[in-house]
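> Please find the sequence and the predicted model below.
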Amino acid sequence: MRAAVTVIATGVTIIEQERNTIYIPREPRINAIAQREFYIDSILNRGDKHCVEQIRMKPVVFSRLCDVLTSRDLLRSTQNVSIREQVIVFLQIGGQNQRFHVISGIYYRSVETIHRYFRIVLKAVLKFYKYLIKDPEDTIPAEIMNNRRFYPYFKDCVGAIDGTHVPTNVPIEIQGKFRGRKEGTTQNVLAAITFDLKFIYILASWEGSAHDSRVLGDALSRSNGLKIPEGKYYLGDAGYGIRKGIISPFCGVRYHLNEFTERSPENKKELFNLRHSSLRTAIERGFGILKSLFRSIDGKSFWSYETQVDVVLACCVIHNHIMGVDPYDFLMEEICLGNEPIRRTINLSQREEREENREMSSTQNEKCKGKHFTWSKPMSHMLLEILVEEALKGSKPSSTFKAESFVKAHPNHDKYLNKKLDMYEVMTIVVGKDMATGNYVKSYVDVNLEENTEEQSISIENE
């Protein structure tokens, strides 16, 4: 009896304690799968404007991209991650320069998962490069054929070339090589583009201090580099000098479009420069659209340098896909996001500054003042070899000069303007204000497309 009373008393005590206990209500359990699907559907089904804001392309362009990557067996769905989620994650990171931590919170995924699938899609897009980045067609571009300002004068022109500086993060010990005339550290990216704004060649990762002519020389010398069809040419600026397959404007003559606003061309050279400049804006527009669409290549990156270079190449591939499916998609992006117009973005392009062209006096055939020998071309070669050796060690001339100021000081030397100089490319290495080595240069053929068996470490210090 006593035992029963004890049990009852204990039970009453427990019940009383339970009544007095304050419970914190549990939050409702989140259905991560449903939330992810709802978020993805909201991106793709809320209209073109919202979709472009989120993933930089319209739903129809996105759908075509997923279809192409799937049909070519470049990308596959997994048990936990669909193809459209993989691609959207990649586009949000590349298009908006979002950190992995931010995206992982949106999709209820781990940072490791987001990073892994970002790299998977990056490799898939790079494998798609050879299908979208193609040599120019052997026909007269419609933009030239249908414009009497350009036809027949530029009928053999297949596109325009230029370089642009892309902000980059590199180890502190090599930052000096990547500091050019732009603020901070940059990589110098050379590209060729058609007049319908499709990239046909990209060479990335030259150090920001590299001279434009040196970068172009490297692109032309590579076995899988920039190819110029026989009898055709590209439009370039004065910084590339005069060389076969590249048509540059006349030096010492008005060139930029804004220089003709108040005064029309007054002679043949000015008229040529005006039309040359009008056509060559294609490359500046292309760079402007690319940087406007993909903020990851126009802002501070948080990836390894190798990945930063791969992202530049991949963004050019996606740019071509957009221009192929819906060439007016970039206009939607400009209107929806309220960004500065693309013409303002173009002002950030590498070539909007005043054209520079180093005029070198060609005196190798003149006699020396000495009595015993005449300076010859082989001697020039020998001297340049020695100077190049010193330049690559970091030794540079104390000063150089610009063509316009030199001609003013020496009027009888104006005959050398707009003339081809022997060994010009070699001389740019000697007199160029750079410490670039070209050791980090990468085009599509240099990209490692093998699947990594081990995941690379993630740098999230800046996230």
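Received, thanks.
> going forward, measure contacts and count neighbours with C-alpha atoms only.
Will do.
> so how far is residue 172 from residue 301?
Computed as C-alpha to C-alpha, to the nearest Å, the residue 301 to residue 172 distance reads 15 Å.
> Counting neighbours, go ahead and name the busier of the two.
Counted by other C-alpha atoms under 10 Å, residue 301 and residue 172 do not tie: residue 301 has more neighbours, with 21 against 7.
> so that one touches residue 169, yeah?
Yes. Using C-alpha atoms under 8 Å as the test, residue 301 is close enough to residue 169 to be in contact (6.5 Å).
> Excluding chain neighbours, what is closest to residue 186?
With C-alpha to C-alpha, 6 or more residues apart in numbering as the criterion, residue 186 has its nearest non-adjacent residue at 4.3 Å, and that residue is residue 167.
> now residue 438
Residue 438 sits nearest to residue 206 (C-alpha to C-alpha, 6+ apart), 5.6 Å away.
> heading toward the C-terminus, what's the first helix or strand past the helix or strand encompassing that neighbour?
Using DSSP states H and E, residue 206 maps to strand 199-207. Following strand 199-207 in sequence order, the next helix or strand is helix 212-221 (DSSP H and E).
> then that following helix to PDB, C-alphas only?
The C-alpha coordinates for helix 212-221 follow below in PDB (Å, rounded to 0.1, in the frame of the first residue of the first chain):
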ATOM      1  CA  ASP A 212      49.100  45.200 -76.900                       C
ATOM      2  CA  SER A 213      51.400  44.500 -79.900                       C
ATOM      3  CA  ARG A 214      53.200  41.800 -77.900                       C
ATOM      4  CA  VAL A 215      49.900  40.100 -77.000                       C
ATOM      5  CA  LEU A 216      48.800  40.100 -80.700                       C
ATOM      6  CA  GLY A 217      52.200  38.800 -81.800                       C
ATOM      7  CA  ASP A 218      51.800  35.900 -79.400                       C
ATOM      8  CA  ALA A 219      48.300  35.100 -80.700                       C
ATOM      9  CA  LEU A 220      49.500  35.100 -84.300                       C
ATOM     10  CA  SER A 221      52.500  32.900 -83.500                       C
END
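> helices or strands up against that helix?
Secondary-structure packing of helix 212-221 (3 or more C-alpha pairs under 8 Å, 6 or more residues apart in numbering; DSSP states H and E): helix 424-431.
> 10 Å instead?
Under the contact criterion of 3 or more C-alpha pairs under 10 Å, 6 or more residues apart in numbering; DSSP states H and E, helix 212-221 touches strand 157-167, strand 186-193, strand 199-207, helix 424-431.
> Quick check: mean pLDDT of the last one?
Okay, so that is helix 424-431. Confidence for helix 424-431, expressed as mean pLDDT, is 60.
> what do you get for stretch 163-170?
The pLDDT scores in stretch 163-170 average 91.
> which residues sit in contact with residue 443?
Going by C-alpha atoms under 10 Å, 6 or more residues apart in numbering, residue 443 touches 189-190, 201-205, 219, 222, 224-225, 309-310, 313.
> With residue 189 as the reference, measure out to residue 247.
In terms of C-alpha to C-alpha, residue 247 sits 20 Å off from residue 189.
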